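Asks: this one's sequence-less:
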């Protein structure tokens, strides 16, 4: 397993690596409701809430998609985004949120 530095999507959603898809989805709902920009419309809170919400959404998208989760677990966030080795094609293009 190659693990590089980058975002820790599990920590962002406050779930263990062993969390099930149901646990990941439940925790995402809780955190999304707490950080949703519609609930934080006042001044600087809107910008912070928008950023926090987008970070949570990105973490959920990766951890709830089996192929992306597998790549993330093997290579980490940086390699997942820049591209990873692929047996069939030699190299697979990176993930973009």
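Replies: Great, that's in hand. Worth saying up front: this structure is predicted, and the values here are computed from it rather than measured.

Asks: where do the strands of this protein begin and end?
Replies: Using DSSP state E, the strands of the chain run over 84-86, 90-92.

Asks: now the first one: mean pLDDT?
Replies: Averaged across strand 84-86, pLDDT comes to 64.

Asks: for stretch 37-44, same thing?
Replies: Averaging pLDDT along stretch 37-44 yields 73.

Asks: please apply the same query to stretch 13-32.
Replies: Averaged across stretch 13-32, the pLDDT comes to 95.

Asks: any buried residues in that stretch, and which?
Replies: Using 16 or more other Cβ atoms under 10 Å as the test for burial, stretch 13-32 gives 13, 15, 19, 24, 27, 28, 31, 32. In this view, the C-beta of every residue, glycine as well, is placed from N, C-alpha and C.

Asks: among those residues, which are in helices?
Replies: Among the buried residues of stretch 13-32, the members found in helices (DSSP state H) are 13, 24, 27, 28, 31, 32.

Asks: looking at the residues you listed, which is nearest residue 69?
Replies: Among those, residue 24 lies closest to residue 69 (Cβ to Cβ), at 9.0 Å.

Asks: biggest helix in this structure, by residue count?
Replies: helix 44-64.

Asks: what packs against it?
Replies: Applying 3 or more Cβ pairs under 8 Å, 6 or more residues apart in numbering; DSSP states H and E, one finds that helix 44-64 makes contact with helix 9-13, helix 21-35, helix 66-82.
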